[in-house]
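> Structure, please.
(one chain, ligands or ions: 1)
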Amino acid sequence: MKPLAPLILVAWAGLAHAAPDPEKLYETHCLSCHAPNRLGGMGPTLLPESLARLKKPEAAKAIAEGLPATQMPGFKALLNPEEIQALAAWIYSPPKLPPKWDADDIKASHIVHADAVNLPARPVFKADPTNLTLVVEHGDHHITVLDGDVMEPITRFPTRYALHGGPKFTPDGRFVYWASRDGWITKFDLWNLKVVAETRVGINTRNVAVSSDGQYVMAANYLPHTLVALDGKDLSLVKIIPVVAANGKSSRVSAVYDARPRHSFIAALKDIPEVWEIPYDGRPVYKGLVHDHQFKEAIPEPGPLPVRQIVLGDYLDDFFFDQNYDYLLGASRDQPKGQVIHLSAGRKIADLDLAGMPHLGSGITWDWKDAEGKTRRVMASPNLKDGLISVIDMKTWKTVKTLPTQGPGFFLRSHEASPYAWADVFFGKNRDVMHVIDKQSLEIVANLKPIPGQTATHVEFDRYGKFALVSIWEMDGALIVYDAKTLKEIKRLPMKRPVGKYNVWNKTRLSEGTSH
Ligand code: DHE
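Numbering: from 1, shown residues only. You can find the predicted model right below:
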């Protein structure tokens, strides 16, 4: 009997101190949904790049308690607190194998829903299809489709996890495409209210753009460093474009845009000082081309969707375009100095005088009468770091006004029919305030506070500019419908952390008051 006691003690002590093995725990409890190598499947990708926006304590809470209105269950009955902490810490570490997502992975992920193909080209509802508004609800990953005439929901359906960037419509407004942060691109038939197809293009994706002829859908990836072109009909793979600079360095793609009048996609690149233009109308691009008139004798790039690499002196990854897409106004989040690039010339033509960290991507334009009564085209941009809005003359590129606000903002929106621009105060103690700015006096004329203490953000208008919709960005949030003229609240629709809203007419007609 005597020698046994210390042995048992040693074994017990060993067990009590054995650190949890997070990799094993992942295999047992997480792998079936989040996939081998943490690349994501039914559940989202669990790699440092894709978790950058989730704080570690929140990850531990999600593991313990699950996530409401998703397939993610709570594990606190199965795992002890130490195991949960170990697992939460481990998913923020780099994976053993470098993550890959290539043509085979993209093709294998492709899903076409047979019941949504070849449906009649007429809406299954009575509402005006050109005045529908999509609301992306982040709280439980849903989209609500609103009838824009009466601001009533027509339908609400689940989406992939964490959509980002604006959904993009075909020119007739029938089909719409969107991207999830973990790489899923979805095509939705808005007249038949059905998902048509889905393809996973990457591991960490930024957004999508749709060519103005509806032929291509282009997706921008952070991981891998690629642009991926899909067929607009069924989202089958057309081309993977590796994003590599002239000097061999590869880059994340911040976003991709459709430059409709130019019949090309424009890509913003995070890690290299280049802007890429990718024509989709079949016109050739000559290797080494910097200016349109040069290198005409050179050999054109073969195949569809050739790349024109515009080499710049600085990094630019946040873009705004003038309405004709002749000019690109760009800034970088790391060196937030604004610049104007003439796209056809392929070079910088002016510097912008902007303080803080302008959010050019959220800019809008309108005609403004100056003190002498001269009409000038101006562009206004919110600021992610400072409480101010910059108003820039689109001819001289000079700042005509810096308007102080109650804190840094994210989105600025207006409509041709409205005398006002609406600007949120997304960050800080005044995040519940929505400024209403007179587009002529360039002064704030109202400070709305829809729900004290709750973040008010992102405004979108209906087709006619009659209603202004404000998101209350909280789990039990709401969409607040204002009369855009009187600024009086008309109604509240309860929603789960609603963020962006997208009106078919305003987006397909390139309204100057919204993003495209
Ligand atoms: Fe966005 C659009 C970049 C964080 C909500 N966001 C865009 C676009 C870019 C961009 C380049 C334009 C693409 C498009 O519309 O197709 N966003 C970034 C960032 O770099 C940033 C600061 C950090 C990041 O991690 O990505 C960022 N964005 C956010 C958020 O935190 C928001 C509020 C919530 C979310 O979705 O994660 C957010 N971004 C949006 C929305 C749009 C958007 C709603 C589309 C606006 C529109 O009206 O078109």
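
> For the stretch 1-150 of the chain, what lies in contact range of the ligand?
Residues of the stretch 1-150 of the chain lying close to the ligand by C-beta under 6 Å from any ligand atom are Arg53. C-beta here means a position set from N, CA and C on the backbone, and glycine is covered the same way.

> Next one: the residue in the stretch 1-150 of the chain positioned nearest to the ligand from His164, what distance?
In the stretch 1-150 of the chain, no residue comes nearer to the ligand than Arg53, which is 5.3 Å away by C-beta to the nearest ligand atom. Per C-beta to C-beta, to the nearest Å, Arg53 is found 10 Å from His164.

> which SS state does the residue in the stretch 301-450 of the chain that the ligand sits nearest to fall under?
Residue nearest to the ligand within the stretch 301-450 of the chain: Gly361 (5.0 Å; C-beta to the nearest ligand atom). Three-state call for Gly361 (DSSP: H, G, I helix; E, B strand; the rest coil): helix.

> surely it meets Ala255?
Yes. Between Gly361 and Ala255 there is a contact at 7.4 Å, judged by C-beta atoms under 8 Å.

> When those two are compared, which one has more neighbours?
Neighbours were counted for Gly361 and for Ala255 using other C-beta atoms under 10 Å; Gly361 has more, 23 against 20.

> per-residue pLDDT, the more buried one?
With respect to pLDDT, Gly361 has a value of 92.

> what's it in contact with, if anything?
Neighbouring residues of Gly361 by C-beta atoms under 8 Å, 6 or more residues apart in numbering: 255, 318-320, 515.

> Note down every partner strand of the strand or helix carrying Ala229 and its orientation.
Per DSSP states H and E, Ala229 falls inside strand 226-231. Neighbouring strands of strand 226-231 in its sheet, by DSSP bridges, are strand 216-223 (antiparallel), strand 237-242 (antiparallel).

> list residues touching both of Gly361 and Ala255?
Phe319.

> how close does the residue nearest to Gln323 when sequence neighbours are not counted get to Val210?
Excluding the flanking residues, the one nearest Gln323 by C-beta to C-beta, 6 or more residues apart in numbering is Glu512, at 6.1 Å. Relative to Val210, Glu512 is positioned 20 Å away (criterion: C-beta to C-beta).

> neighbour count winner among these two?
Neighbours per residue (other C-beta under 10 Å) separate Glu512 from Val210, with Val210 holding more: 24 against 18.

> Return the residues in contact with the nearest residue to that one once chain neighbours are set aside.
Nearest residue to Val210, sequence neighbours excluded (C-beta to C-beta, 6+ apart): Lys168, at 4.4 Å. Lys168 is in contact with 176-178, 208-210, 217, 258, 507, counting by C-beta under 8 Å, 6+ apart.

> Okay, and the beta partners of Lys168?
Tyr177.

> And it, how close does it get to the ligand?
7 Å (C-beta to the nearest ligand atom, to the nearest Å).

> can you give me phi and psi for the spatially most central residue of the chain?
Nearest to the geometric centre of the chain sits Gly165, at 1.9 Å (C-alpha atoms, centre = their mean). Main-chain torsions, Gly165, degrees, to the nearest 10: phi 80, psi 160.

> Surely it touches Val210?
No. With contact defined as C-beta under 8 Å, Gly165 does not reach Val210; the gap is 11.8 Å.

> The ligand next: which of the contacts of Gly361 are close?
255, 515.

> Confirm that Glu82 sits in a helix.
Yes. Judged by three-state DSSP, Glu82 forms part of a helix.

> between the contacts of Gly361, which is closest to Pro36?
The nearest member of these to Pro36, counting by C-beta to C-beta, is Ala255 at 29.4 Å.

> follow-up on the earlier one: in space, what's closest to the residue nearest to the centre of the chain - neighbours in sequence excluded?
Nearest to Gly165 is Asn207, by C-beta to C-beta, 6+ apart, at 2.8 Å.

> How about the secondary structure of that neighbour?
Classified using three-state DSSP, Asn207 is strand.

> Spit out the contact partners of it.
Counting by C-beta under 8 Å, 6+ apart, the residues that Asn207 touches are 164-166, 179, 219-220, 255-256.

> What separation is there between Ile91 and Ser344?
Distance of Ile91 to Ser344, given as C-beta to C-beta: 46 Å.

> Show me where the stretch 351-500 of the chain has its strands.
Ranges of strands within the stretch 351-500 of the chain are 364-369, 375-381, 388-393, 399-404, 412-413, 420-424, 434-438, 444-448, 456-461, 467-472, 477-483, 489-495, 498-503, based on DSSP state E, counting those that start in this stretch.

> The third one: how far from the chain's middle?
Here the centre of strand 388-393 is set off from its chain's centre by 23 Å, with C-alpha atoms, centre = their mean, to the nearest Å.

> So what touches it?
With C-beta under 8 Å, 6+ apart, strand 388-393 has contacts from 329, 352, 354-356, 358, 368, 376-383, 398-405, 409, 412, 423, 437, 442.

> mind listing the helices for this protein?
Remark: helices assigned in the chain by DSSP state H are 4-17, 22-29, 31-34, 56-65, 81-90, 103-109, 504-508.

> by contact count, what packs against the last one?
Of the remaining helices and strands, those touching helix 504-508 by 3 or more C-beta pairs under 8 Å, 6 or more residues apart in numbering; DSSP states H and E are strand 168-169.

> Give me the mean pLDDT for the strand it packs on.
98.

> i'd like the first residue to be 51 from this point on
With 51 as the first residue, the last one maps to strand 218-219.

> need the contact list for the residue of the stretch 301-450 of the chain found nearest the ligand.
The minimum distance from the stretch 301-450 of the chain to the ligand, using C-beta to the nearest ligand atom, falls at Ala305 (3.5 Å). Applying C-beta under 8 Å, 6+ apart, we find Ala305 in contact with 215, 256-257, 270, 317-318, 367, 369, 411.

> burial of the closest residue to Ile141 other than its chain neighbours, as a residue count?
Sequence neighbours aside, Leu96 is the residue nearest to Ile141 in space, at 4.3 Å (criterion: C-beta to C-beta, 6+ apart). Using other C-beta under 10 Å, Leu96 is surrounded by 24 other residues.

> How confident was the prediction at the residue nearest to Gln373?
pLDDT at Glu562 comes out at 90.

> isn't it right up against Glu466?
Yes. Contact criterion C-beta under 8 Å: Glu562 and Glu466 qualify, at 6.3 Å.

> ok, what's across the strand from the residue lying closest to Trp472 once chain neighbours are set aside?
Residue nearest to Trp472 in three dimensions, not counting chain neighbours: Val509, with 4.0 Å by C-beta to C-beta, 6+ apart. Listed beta-bridge partners, Val509: Val520 (assigned using DSSP bridges).
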